[in-house]
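Colleague: Sharing a sequence plus its predicted fold:
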Amino acid sequence: MVEVKISLESFISHTVTECINLEFYGCLGFSLFGKFDYDLLVIGGGSGGLACSKEAAQLGKRVAVLDYVDPSPQGTKWGLGGTCVNVGCIPKKLMHQAALLGGALKDTQKYGWHIQHPVQHDWSVMAKAVQNYVKSLNWGHRVQLSDRKVNYFNMKGSFVDDHTVCGTLKSGKEILITAENVVIATGLRPKYPTHVPGALEYCISSDDIFWMTEPPGKTLLVGASYVSLECAGFLTGIELDTTVMVRSIPLRGFDQQMSYLVTDYMESYGTKFLWRCIPTRVEKLDNGQLNVSWRSVESGTEEKDTFDTVMWAVGRAPETKTLNLERVGVQMNPDTGKIVVSHDEASSVPHIYAIGDIAEGRPELTPTAIKAGKLLAHRLFSGSTELMDYDNVPTTVFTPLEYGCVGFSEEEAIRRHGSDNIEVYHAYYKPLEFTVAEREAGQCYIKMVCLREGDQRILGLHFVGPNAGEVIQGFALAVKCGATYTQLLTTVGIHPTCAEEVTKLHITKRSGLDATVTGC
C-alpha cells in the first residue's frame with residue numbers, strides 16, 4: 001500500500017503528493033476539527049458563494065469553498081469568481097465600453113476634434129486587456145479567501161449525505177469533507193440546442209466569446225435574451241457584421257414596449273435581426289466558415305447564410321449534474337432543474353441551502369446573490385432574522401442604448417392591478433450630448449408606472465438611454481422606499497441631465513397627448 005500522508009489539514013496546506021485513501025479519512029464520520037470539519041461548506045465560487053463564505057468567516061466560523069469549472073464545449077475555462085467575473089457582467093461591461101468609445105469617436109468631429117479616419121479596432125488588444133483584468137480579479141478572490149482564513153478547494157463537490165460532500169480533483173482523487181451547513185451556489189451554464197445538428201460541435205456561447213484571442217468576424221447570435229443583445233451590441237459597436245436571430249420576442253420578462261425600443265435602436269445602429277426564425281442546421285465548410293440554415297416560424301420558408309462565428313444565447317441551465325442531490329433528497333423543480341427554496345433560502349433538506357441563479361424563483365443577478373449570501377451567513381451564525389427582499393430589484397441591459405428598470409413592467413402592473421387602476425407617465429427625450437453630434441434619439445424614452453389613486457405610489461420605472469444603470473440605481477432607492485408620484489413632483493432635478501427628465505414626467509398615456517420633451 002502506498003504511504004498516505006493525508007488528512008484534511010494536510011490537504012489544505014497542499015502537502016498531498018499521493019492518492020487520498022477514503023478509508024483513512026471521513027468514511028466513519030471522523031473529523032479533525034470536532035463533530036464537523038466546517039461550520040459552513042459552500043459549493044460554488046461565484047459571487048453569491050464567495051460573499052456567503054467570506055461573511056461567515058468574518059463571524060469567526062470555519063468555512064470552506066469548493067469550486068471547479070468544467071471547460072465549455074469549445075474548451076474555454078477560467079478561474080475563481082463565477083460567471084459575473086469571468087464570462088458575464090465584468091467582461092461584458094468592458095467590451096460594451098469599448099463599443100461606446102467607438103461611437104464617441106464618430107461624434108468627435110462635430111465637437112471640433114480632428115481624428116484621422118477610418119478608425120480601426122484591434123480585438124486582440126481589447127481582449128488581452130479585459131482578460132488580464134479578469135485574471136487579476138481571480139487572484140484577488142483567492143487572496144481575500146486566504147486573508148479571511150476560508151479554505152478554497154479547486155474541486156467538484158458531490159453529496160454523500162446531508163452533512164458530507166465528496167470533493168473530486170481534476171485528477172480524479174477524492175476527499176470527504178463534513179460540514180454542519182452546506183450552501184449550494186453553483187449557478188447556471190449556457191444551454192445548447194442539441195437537436196440542431198452542428199450546434200454543439202461548431203458553435204460558441206457566452207462562456208467563450210470573452211476569451212477569444214481573435215475577432216469573431218461575421219457573427220450570428222441565436223436568441224434575444226439580454227446576453228444575446230448585449231453581445232450583439234458591442235460586436236456591432238466595434239464594427240463587426242452582426243446578426244441576431246429571434247424566435248419570438250426580445251428580452252422576455254422585461255417590459256415589452258421598452259424591449260422593442262432597444263431592438264429598434266440596435267437595428268438603426270447596424271445590428272441585423274432575423275425575426276421569427278429558428279435555426280435548423282449548422283455545417284462547417286472547408287474554409288472554416290459556418291453555413292447556417294434556418295426556417296421562418298410564420299411562413300415555413302427556409303434560408304441559409306455563412307458566418308464566421310455562431311453564438312447560442314437561448315437560456316441557461318442549472319449546474320447540478322454532479323452534485324448528487326437526489327441522494328440526499330434535495331427537491332428540484334422538474335421543469336427548470338433549479339433547487340426549490342423557501343423564503344430563507346433553505347432547501348427541502350435541513351442544513352442545505354441554495355442561493356443565486358441555482359435557486360428557483362430568484363432573480364439571475366449578481367447583486368441579489370451577493371446580498372442573499374451575506375444575509376444567509378448572518379442568519380446562520382449571528383442570530384439575525386433578516387431575509388432577502390427580492391421585490392423591486394433594479395437591473396440594466398447594457399445594449400448600445402441602455403435599458404434600466406426597477407419594479408413592475410407595465411404588463412405586470414396591469415395583470416396585478418388592472419388597467420383602470422394604474423397610471424403611466426411617459427416621455428420621449430433627447431440627451432443633450434446627442435444634439436451637437438446629431439444622433440438619432442427616437443428611442444430615448446422614460447416610463448413610470450404608478451397606482452392611479454391617492455398619492456400614486458410608483459410601481460415601476462423604466463429608462464432607455466445613456467447611462468441607464470447609473471440613472472436607475474438612484475431612483476431604485478426611492479421605489480424601494482415606496483416613493484409616490486406626488487413626491488416625485490417635489491423633487492428638483494439636476495440640470496442638464498437625462499435623469500432630470502424623470503422628475504419632469506407629467507404626460508400620461510391615458511391622455512393621448514404627445515409625450516415628446518421640447519425645450520431644455
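Modeller: Happy to help now that I have it.

Colleague: Could you list the buried residues of stretch 446-461?
Modeller: Using 16 or more other CB atoms under 10 Å as the test for burial, stretch 446-461 gives 446-452, 456, 458-461. Just so you know, the C-beta spots here come from the backbone N, C-alpha and C atoms, and that holds for glycine as well.

Colleague: ditto for stretch 69-81
Modeller: Result for stretch 69-81 [16+ other CB under 10 Å]: buried residues 69, 72-73, 76, 78-81.

Colleague: in the stretch 201-350 of the chain, which segments are predicted with low confidence?
Modeller: For the stretch 201-350 of the chain, no stretch has pLDDT under 70.

Colleague: At which residues are the helices of it located?
Modeller: Remark: helices assigned in the stretch 201-350 of the chain by DSSP state H, counting those that start in this stretch are 206-209, 226-237, 256-269, 325-328.

Colleague: I'd like to check the angle between the third one and helix 226-237, please.
Modeller: Just to be clear, that refers to helix 256-269. 20 degrees (axes from the mean of the first three to the mean of the last three CA atoms, to 10 degrees).

Colleague: Mind listing the residues bridging to Glu174?
Modeller: When assigned by DSSP bridges, Glu174 has beta-bridge partners Thr168.

Colleague: Does it touch Thr168 like I think?
Modeller: Yes: Glu174 is in contact with Thr168 according to CB atoms under 8 Å; the separation is 5.2 Å.

Colleague: Count residues in the vicinity of Arg361, would you?
Modeller: If you look again at residue 361, you'll see it is Gly, not Arg. Residues lying near Gly361 (other CB atoms under 10 Å) number 10.

Colleague: my bad, should have said Asp391
Modeller: Asp391, neighbours per other CB under 10 Å, totals 9.

Colleague: what about the helix or strand hosting Val165, average pLDDT?
Modeller: In this structure, Val165 sits in strand 164-168 according to DSSP states H and E. The average pLDDT within strand 164-168 is 97.

Colleague: Give me the helices and strands touching that strand, please.
Modeller: When contacts are defined as 3 or more CB pairs under 8 Å, 6 or more residues apart in numbering; DSSP states H and E, strand 164-168 sits against strand 156-161, strand 174-184.

Colleague: taking these together, which one is wrapped up most tightly?
Modeller: Highest mean neighbour count of the helices and strands packed on strand 164-168: strand 174-184, a mean of 23 (counted as mean count of other CB atoms under 10 Å).

Colleague: For the next helix or strand along the chain from that strand, which helices and strands make contact with it?
Modeller: Next helix or strand after strand 174-184 toward the C-terminus (DSSP H and E): strand 188-190. Other elements packing on strand 188-190 under the criterion 3+ CB pairs under 8 Å, 6+ apart are helix 206-209, strand 316-318.

Colleague: Can you say which of the ones you listed is packed in most?
Modeller: When these are scored by mean count of other CB under 10 Å, the highest mean neighbour count falls to helix 206-209 (a mean of 23).

Colleague: so how far is that helix off the chain centroid?
Modeller: How far helix 206-209 lies from its chain's middle: 13 Å, per CA atoms, centre = their mean, to the nearest Å.

Colleague: Quick one, which of the helices and strands packed on strand 188-190 gets closest to Arg510.
Modeller: Closest to Arg510 of the helices and strands packed on strand 188-190 is strand 316-318 (CB to CB; 38.3 Å).

Colleague: I'd like the helices and strands packed on strand 188-190 as JSON lines, with distance to Tyr152 appended.
Modeller: Below are those laid out as JSON lines (distance: least, CB to CB, whole Å):
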{"stretch": "helix 206-209", "distance to Tyr152": "22"}
{"stretch": "strand 316-318", "distance to Tyr152": "23"}
